[in-house]
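Student: here are the coordinates; sequence isn't available:
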């Protein structure tokens, strides 16, 4: 079964993505070269001549964790501002230039990082590099109070749509607020709060940009039908004279360990009750992070997974169930989310979650369950690397590994974390981190139906 999955995946690999069978396992890596400019900018180059396309990908080591209480949402705000013009690229021209050349672009912000990318025809490489360099080095020259006000209103509206007025929209930040103490960098949401966005001054925003959006806090990956010599020439030309920024402030944080369950209730304009459970777990890119990722698959991925089979098909008390391991830089979070059918009490679903975790911890994981989960990871892993650019493509992955573990060439090590797992490793991770361990248990229920909440008497309430 695994060989068939790999055959399908490998048949679509580009020639520059090296892969080989080794004792029934596949070893995948992305060839690259790397150099650093005098100003500290890290540059990674991957050559792929299978198509005449290229991708320019920039990661800044700044996310919501680099903000301070009372001044949150800045990293996400800059995700918007960075597209609104710089010294040599008037507002609107960034997209116009790329689209005229046949390119596309996007960006995203998370707890630990911000990234931007452009996918372009290979002959438009210089254009994409110039655009990225101009907003890295010369954005503040056009930063005005009017521009700040406009983009702040855009972000506020995004928050209204995706959080405040979205069914279940406040669940995520409610969990994080209770999983992490107020002075922990993961306590507040990436999008920030309305109050903090309103309080941000032009000087606040300028200072944040000068500190974090500098070449010494960035990594540039270029992948596609390019040569290292040409990339080096163009990067030196456009990025070489951008000055380094100040030393990056150290992120300090308290121990977030929970000593007891936190049981919360949130009434919302929803039709179906939903249970969110979150535990503290190891940070990303560790072996335990991989084991918990596989555990999430064993529990909820596919019709034969334990919780999905039990709650959706056999007992028919849930409309859906999902789980995932979120490994971040300062620590991880494991999630299980169960949406009940109408009028089903969430305590019944909570009891099932506790029972299935206890069964995994004490009884282990069958070989077929482990193999199914790892096969899925392997296939998704290779498929994502078929793309030269975009989110999760080869340029993005090279930057991700440089950012997270200090070397772009960590691809095979990342995959090996999953391949070497045994069922006992998965069961051990469940026992150490989830089964019977303190967690945040949040019930989101229709307004006026707190009777559907799980274990309300055991904890507090969030409304």
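Tutor: Perfect, I can see it now. Just so it is clear, the structure is predicted and the values come from calculations on it, not from any experiment.
Student: so what secondary structure elements neighbour the helix or strand where residue 278 lies?
Tutor: Assigned by DSSP states H and E, residue 278 belongs to strand 274-281. Contact here means 3 or more CB pairs under 8 Å, 6 or more residues apart in numbering; DSSP states H and E; on that basis strand 274-281 packs against helix 171-179, helix 287-300, strand 332-340, helix 346-363, helix 423-433, strand 440-446. Glycine gets a C-beta too; all of them are placed from N, C-alpha and C.
Student: Columns distance to residue 258 and mean neighbour count on top of the ones you listed, output as a markdown table?
Tutor: What follows is the helices and strands packed on strand 274-281, written out as a markdown table (distance: least, CB to CB, whole Å; neighbours: other CB atoms under 10 Å):
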| stretch | distance to residue 258 | mean neighbour count |
| --- | --- | --- |
| helix 171-179 | 7 | 20 |
| helix 287-300 | 17 | 24 |
| strand 332-340 | 11 | 23 |
| helix 346-363 | 16 | 19 |
| helix 423-433 | 12 | 20 |
| strand 440-446 | 8 | 25 |
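Student: Show me where this protein dips below the pLDDT cut-off.
Tutor: Where the chain drops to pLDDT under 70, the residues are 1-26, 456-463.
Student: which ones are touching the most centrally placed residue in it?
Tutor: Among the residues of the chain, the one closest to the centroid is residue 110, at 6.0 Å (CA atoms, centre = their mean). Residue 110 sits next to 63-64, 190, 328 when contact means CB atoms under 8 Å, 6 or more residues apart in numbering.
Student: how about the closest residue to residue 328 other than its chain neighbours, secondary structure?
Tutor: Of all residues not flanking residue 328 in the chain, residue 111 sits nearest, at 5.4 Å (CB to CB, 6 or more residues apart in numbering). Following DSSP: H, G, I helix; E, B strand; the rest coil, residue 111 is assigned to coil.
Student: can I assume residue 185 sits in a strand?
Tutor: No. Residue 185 is assigned coil when assessed by three-state DSSP, not a strand.
Student: ok, it - how many residues close by?
Tutor: 24 (other CB atoms under 10 Å).
Student: do you know how far the residue lying closest to it once chain neighbours are set aside is from residue 50?
Tutor: Distance criterion CB to CB, 6+ apart; nearest residue to residue 185, sequence neighbours excluded, is residue 65 at 3.5 Å. Noted for residue 65: a distance of 37 Å to residue 50, by CB to CB, to the nearest Å.
Student: Counting neighbours, go ahead and name the busier of those two.
Tutor: residue 65 (21 against 14).
Student: What separation is there between the more buried one and residue 184?
Tutor: 9 Å.
Student: cool, and residue 85?
Tutor: 35 Å.
Student: quick one, which of these two is more surrounded?
Tutor: residue 85 (22 against 19).
Student: which helices and strands sit right next to the helix or strand hosting residue 380?
Tutor: Here residue 380, judged by DSSP H and E, is contained in helix 367-384. Contacts defined by 3+ CB pairs under 8 Å, 6+ apart place helix 367-384 against helix 2-10, strand 25-29, helix 287-300, helix 411-419, helix 423-433.
Student: Which helix or strand lies directly C-terminal to it?
Tutor: Immediately after helix 367-384, counting by DSSP H and E, sits helix 394-405.
Student: And the contacts of that following helix?
Tutor: Under CB under 8 Å, 6+ apart, the answer for helix 394-405 is 17, 30, 32, 42, 44, 46, 48, 55-59, 61, 112-113, 115, 117, 219-224, 284-285, 329, 384-385, 387-390, 407-411, 413-414.
Student: I'd like the helices and strands packed on helix 367-384 as a markdown table, with distance to residue 237 appended.
Tutor: Formatted as a markdown table, the helices and strands packed on helix 367-384 follow (distance: least, CB to CB, whole Å):
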| stretch | distance to residue 237 |
| --- | --- |
| helix 2-10 | 38 |
| strand 25-29 | 30 |
| helix 287-300 | 40 |
| helix 411-419 | 30 |
| helix 423-433 | 49 |
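Student: Among those, which comes closest to residue 178?
Tutor: Taking CB to CB, helix 423-433 is the member of those nearest to residue 178, at 17.8 Å.
Student: Measure how the closest one sits relative to helix 367-384, angle-wise.
Tutor: 90 degrees (axes from the mean of the first three to the mean of the last three CA atoms, to 10 degrees).
Student: who's in contact with helix 423-433?
Tutor: By CB under 8 Å, 6+ apart, helix 423-433 touches 279-282, 287-288, 291-292, 294-295, 298, 334, 357, 360-367, 369-370.
Student: can we see that at 6 Å?
Tutor: 281, 288, 291-292, 294-295, 357, 360-361, 364-365, 370 (CB atoms under 6 Å, 6 or more residues apart in numbering).
Student: do the same with stretch 337-351
Tutor: Residues contacting stretch 337-351 (CB under 6 Å, 6+ apart): 272-276, 317-322, 443, 452-455.
Student: With stretch 88-103 instead?
Tutor: So stretch 88-103 is contacted by 83-85, 105, 118, 120-121, 124, 127, 131, 134 (CB under 6 Å, 6+ apart).
Student: hey, where'd the helices end up in the stretch 1-150 of the chain?
Tutor: Using DSSP state H, counting those that start in this stretch, the helices of the stretch 1-150 of the chain run over residues 2-10, 74-81, 93-100, 125-138, 145-159.
Student: Tell me which of these is the most buried.
Tutor: Compared across the helices of the stretch 1-150 of the chain, helix 74-81 shows the largest average neighbour count, a mean of 23 (mean count of other CB atoms under 10 Å).
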